[in-house]
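Asks: Quick one, fold the following:
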Amino acid sequence: MGPYLEERTGDFRHCDTYERRALLARTLASVYAQTTADREVIVVDDGSTDGTAQFLGSQPVSMIAMAHCGNPATTRQLPGLRAPAVS
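Replies: This is a model prediction of the structure:
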C-alpha cells in the first residue's frame, strides 16, 4: 500500500507501532476477538526493524510503512485516518 490512504468510510481502526511486534500481535488478537466483524484494521509502522512488517504481511490488515520519524502524532495526521486509534 502506498504511503497515504484515500478517505475511509465505514468501520475501521488504526494502530501506530514501532518496535512492538509482540505487543502488536496481542493488540490485533484483541481487535479480532471483538464482535464487530465488518471492519478494517490499518497499522502504521514507523520504521520497525523487529520483524513487524513481516508479521503484518501475514495478518488481515492494511499496512502503511514509513521511515522512522519517532513521532506518533505524525502518523495520526496521514490523510484517510479519521477513526479512533487502537491503543
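Asks: which regions of this protein sit below the pLDDT cut-off?
Replies: 1-11, 37, 72-87 (pLDDT under 70).
Asks: Just give me the longest helix of it.
Replies: Taking DSSP state H as the criterion, the chain has its longest helix at helix 21-32.
Asks: what does it rub up against?
Replies: With contact meaning C-beta atoms under 8 Å, 6 or more residues apart in numbering, helix 21-32 is reached by 13, 15, 17, 41, 43, 48, 50-52, 55-56, 59, 61, 86. To be clear about C-beta, it is placed using only N, CA and C from the backbone, and glycine gets the same treatment.
Asks: next SSE after it?
Replies: Following helix 21-32 in sequence order, the next helix or strand is strand 40-45 (DSSP states H and E).
Asks: Neighbouring strands of that following strand in the sheet, and parallel or not?
Replies: When sheet partners are counted by DSSP bridges, strand 40-45 sits next to strand 12-17 (parallel), strand 62-65 (parallel).
Asks: quick one: buried residues of whichever helix or strand comes after that strand?
Replies: Tracing the chain past strand 40-45, the next element assigned as helix or strand by DSSP H and E is helix 52-57. Residues of helix 52-57 classed as buried: 52, 55-56 (neighbour count, 16 or more other C-beta atoms under 10 Å).
Asks: With stretch 23-37 instead?
Replies: 24, 27-28.
Asks: Let's have those in JSON lines, adding distance to Thr35.
Replies: Listed next are the buried residues of stretch 23-37 as JSON lines, based on distance: C-beta to C-beta, whole Å:
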{"residue": "Leu24", "distance to Thr35": "21"}
{"residue": "Thr27", "distance to Thr35": "17"}
{"residue": "Leu28", "distance to Thr35": "16"}
